[in-house]
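*Asks:* predicted model and sequence follow; I will ask about them next.
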Number of protein chains: 2
Amino acid sequence: MSELNRSIYLVSRPEGMPEKSNFKTVESPVPQPAEGEVLVQTMYLSVDPYMRGRMRDVKSYVPPFPLNEVIVGGVVGRVVESKNPNFAKGDIIAGMLGWSDYSISNGKNIKKIETGAIPVTHALGILGMPGLTAYFGLLEIGKPKEGETVVVSGAAGAVGMVVGQIAKLKGCRVVGIAGTDEKNEYLRSELGFDATVNYKTTTNMRQSLAEACPNGIDVYFDNVGGEITDAVLTLINYQARIVICGQISAYNMEKPDLRPNPFTQLLIKSAMAKGFIASDFANRNQEGLAQLTEWVTQGKLKFKENVVEGLENTVEAFLGLFRGENLGKQLVKVHD
Amino acid sequence: MSELNRSIYLVSRPEGMPEKSNFKTVESPVPQPAEGEVLVQTMYLSVDPYMRGRMRDVKSYVPPFPLNEVIVGGVVGRVVESKNPNFAKGDIIAGMLGWSDYSISNGKNIKKIETGAIPVTHALGILGMPGLTAYFGLLEIGKPKEGETVVVSGAAGAVGMVVGQIAKLKGCRVVGIAGTDEKNEYLRSELGFDATVNYKTTTNMRQSLAEACPNGIDVYFDNVGGEITDAVLTLINYQARIVICGQISAYNMEKPDLRPNPFTQLLIKSAMAKGFIASDFANRNQEGLAQLTEWVTQGKLKFKENVVEGLENTVEAFLGLFRGENLGKQLVKVHD
C-alpha cells in the first residue's frame, strides 16, 4: 500500500465557535499492524456535539483531546489486514478510532458488527452511542410514565429523535423543539411527535411551549440549554425530571453562560435534574442494544442519517452541528 | 376573657427584603370555639425562611399567603378551651396556626405532643418540619455513603445543623458553611463537623472549600444558593447529589438571580440536583420522627434554639433569618 493516510489533528483549542484553523490534515504512510493488531479502513465516521467538550483543556473524567494528535471518535470500518486472532480481513467493526482514512487497533477499542438487514451506519447512531444515550437517559433518568408530557430539545438530532419515539412507545405526549419547519414536519409526520415548536421562528418560546403542553411538562430531555431550557423550566410540573444530556448552546460560549437560576424552579416544583453520559450505563449496554435492535427490527423506531462524503469535509460537518444543520445523525462517509 | 388577641397580618407583598410595613398587628377579642373546635393559646411560634416564598404572589403547589389575613406557620400551644372530643383543656399541641396570641382550630391542623423529657419546642425544630426536612432530604435525596464528603450551606440553621449531624452518624466527612466564627466554632466543637468555612470572611470561597474538601464533594445540601452554591458546583465529584432545600440568597432579590449555568456542571459530572419540601415525604413522617426521636433521646443529635420573647418581636425575628443572625432554630415565645 503506497496510498497515503490522511488524519485530522486538533492543533489549537477553539475559543468560542471552532474554526477550520483549529484543525490540520496530516498525511503519512498507511500504518502497518504489529502482532496482535489490525489495520482498519474507515468507512464512516461520526461527528458529535460532545466532542466540542473534549477540545477544551478542562479536567474532567473524560480527558481532553491532546493537541497535535488525531481526533478520536466513533468509526465504522473494515478490517483490511489482521494480526489479531479475533478479527479477520473483511470484518466490519465499530469502535473509537481516529478521524483518518486508516487506523491501527489492538482489538480492545473495536467490536465486530453484523452486516445483515440493519445498515452498518446504525452502529454510530440508533444502535450506538446516540441510541444508548437516548435509551438510558430517557428511561433511567427521565422515567416517563404513561400519559405524561415529555419535551425534547434538539429533537431532530441523533439522540433527540430516538428519545421522542421511545417516549411515544411508553404512551407519553411528546413535544419536540427543533430549528426548522422541515425538521418539525418530519418529527410530527414521520416519527409521530404530538407537537413541535420551532425555536427559531417563535416570538414567544414560553407561550408556544405552553400551548404545546396543556398539562405542563413532566420530563424534559435537554440537549441544548440556554433560553429554550429557561422557558421549559417555567412550565415543569411537580416532581418533574430533567435529563441533562447536552447544553449545546453553551459549548461555544466565550463568556460564562449566565442563566436565571434553575435551582429555584427545581425547588418550588420538587423537581430533579441529572446530567449523564452514555458510559454511565456501560455495564448495561447489551440490554439497551438488544431492546433498541428489537424496536428497529419491528419498525417501531425509525432513524435518519445525514451523510457527507469525504474525509476532507469532516470538520465542516462537525461545525454544522452547532449551526443546527443536521436532521438526524451526522456522518461522514470516508470509504465505500 | 376580656383579653385582646393580637394577630400579625401580611398587608402588602414585599419587594426585595421584607420590611415591617409589609406587616400589621391587628387586635380583636379572643375568639370563641364553636362545636368541634378548640381554642389554642400560642406558646411558641416558628419563623422559617420558606415563609418568604409564600409572601410572593406566585402560583405554586403551596398557595401564597392571602393579603390582609393572619400569617400561618408552625406553632406550639396549649388548649385553653375545647369543644372537640379529641382534645382536652391543658393539652399541648403543635400545628399550623396563626401568628397570634390565640387561634381557633377544628382539630385537623394540630396534634397533641408529649411533654416529657423532650422540650415542647422541639416539635417546631428537630422533631418537626426542620428535622424532617433534614432527615428525608439528606437520606432520600443526598443518599450519603460512608466515607463520602457532605457539604452543608446554612449549616448553623435549624435544618443545616441536623443535616450535618446525621451525615456524621452515616460516617461521612462533614463540612459546614456559615457566616460567623461563633457559628462555625459551635458546629465543629459541639456538633462534630469536620471542617467549616466562614463565607463572610473568606477571600476565596472556592479555595477555602477545596481545602476543606480534599476529596471533592459527593453530597451538597443547599440551603442558600448564590455564590456559595456556584463555588460548591465547581468541586463536585462524579455522580454527586445536590439536595436543593433552600435558595435563601435569592428569596429577596428583585432582579432575576443570574448564575453560571449549573446544568453544565451537572452534565460534566453526571451529577444530580433535586428540589424538595418536607411534605413530599408526608406519608413517611412517622418513620422520620421515630428515628429522630431515638437519636435525640440517645444524645446522638443535638439541637440549638434561639428564642426571642414576645409576639411583638415576631417580624423582627423573621427578618433576622435573612441577615443570618440565628444560630439554630429561630423561635418566638408568646406565652408561658
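*Replies:* On my side now, so go ahead.

*Asks:* what's the burial count for residue A:165?
*Replies:* Residues contacting residue A:165 under the criterion other CB atoms under 10 Å in any protein chain shown number 25. Bear in mind the C-beta positions are built from the backbone N, C-alpha and C, glycine included.

*Asks:* wait, is it part of a strand?
*Replies:* No: going by DSSP: H, G, I helix; E, B strand; the rest coil, the assignment for residue A:165 is helix, not a strand.

*Asks:* any idea how far chain B is from it?
*Replies:* According to CB to the nearest CB, to the nearest Å, residue A:165 and chain B sit 23 Å apart.

*Asks:* isn't that residue up against residue A:192?
*Replies:* Yes: Residue A:165 is within contact range of residue A:192, at 6.9 Å (criterion: CB atoms under 8 Å).

*Asks:* element containing residue A:93?
*Replies:* Using DSSP states H and E, residue A:93 sits within strand A:92-98.

*Asks:* and the next element down the chain from that strand?
*Replies:* Next along the chain after strand A:92-98, taking DSSP H and E as the criterion, comes strand A:102-105.

*Asks:* other residues contacting that following strand?
*Replies:* With CB atoms under 8 Å, 6 or more residues apart in numbering or on different chains as the test, strand A:102-105 has contacts from A:5, A:30-31, A:33-34, A:37-42, A:75, A:77, A:80, A:93, A:95, A:97.

*Asks:* could I get the average pLDDT for it?
*Replies:* Strand A:102-105 carries an average pLDDT of 98.

*Asks:* what part of chain A, helix or strand, is modelled with the least confidence?
*Replies:* None of the helices or strands of chain A scores lower by mean pLDDT, DSSP states H and E than helix A:248-251, at a mean of 89.

*Asks:* what lines up beside the helix or strand following that one in the sheet?
*Replies:* Of the helices and strands lying after helix A:248-251 in sequence (DSSP H and E), the nearest is strand A:258-260. If you go by DSSP bridges, strand A:258-260 pairs up with strand B:258-260 (antiparallel).

*Asks:* which positions within the strand it pairs with qualify as buried?
*Replies:* Across strand B:258-260, burial judged by 16 or more other CB atoms under 10 Å in any protein chain shown covers B:259, B:260.

*Asks:* and the next element down the chain from that strand?
*Replies:* By DSSP H and E, the next helix or strand past strand B:258-260 is helix B:262-268.

*Asks:* sorry, back to before: shared neighbours, residue A:165 and residue A:192?
*Replies:* The overlap between the contact sets of residue A:165 and residue A:192 (CB under 8 Å, 6+ apart) is empty.

*Asks:* so how far is chain B from residue A:148?
*Replies:* Computed as CB to the nearest CB, the residue A:148 to chain B distance reads 17 Å.

*Asks:* and that residue, how many residues sit next to it?
*Replies:* When neighbours are counted by other CB under 10 Å, residue A:148 comes out with 22.

*Asks:* same thing with the one 3 residues further on?
*Replies:* Here the number of neighbours of residue A:151 (other CB under 10 Å) works out to 34.

*Asks:* around chain B, which positions in the stretch 201-336 of chain A sit nearby?
*Replies:* For the stretch 201-336 of chain A, the residues in contact with chain B (CB under 8 Å from any CB of the partner chain) are A:222, A:225, A:229, A:238-239, A:244-247, A:250, A:256-277, A:280.

*Asks:* residue A:133 - nearest residue in space that isn't next to it in sequence?
*Replies:* Leaving out its chain neighbours, the residue that sits closest to residue A:133 by CB to CB, 6 or more residues apart in numbering or on different chains is residue A:278, at 4.3 Å.

*Asks:* mind listing what that neighbour touches?
*Replies:* Going by CB under 8 Å, 6+ apart, residue A:278 touches A:129, A:132, A:133, A:136, A:137.

*Asks:* okay, the lengthiest strand in chain A in CSV with CA atoms only?
*Replies:* Ordering each strand of chain A by length in residues (DSSP state E) puts strand A:72-82 first. Extracted in CSV, the C-alpha atoms of strand A:72-82 (Å, rounded to 0.1, in the frame of the first residue of the first chain):
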residue,chain,number,x,y,z
VAL,A,72,-10.7,10.1,18.1
GLY,A,73,-14.4,9.4,17.7
GLY,A,74,-16.9,6.8,16.6
VAL,A,75,-16.0,5.0,13.5
VAL,A,76,-17.4,2.1,11.4
GLY,A,77,-14.7,0.4,9.3
ARG,A,78,-13.4,-2.6,7.6
VAL,A,79,-10.5,-4.8,8.7
VAL,A,80,-8.1,-4.8,5.8
GLU,A,81,-5.2,-6.5,7.5
SER,A,82,-5.3,-8.6,10.7
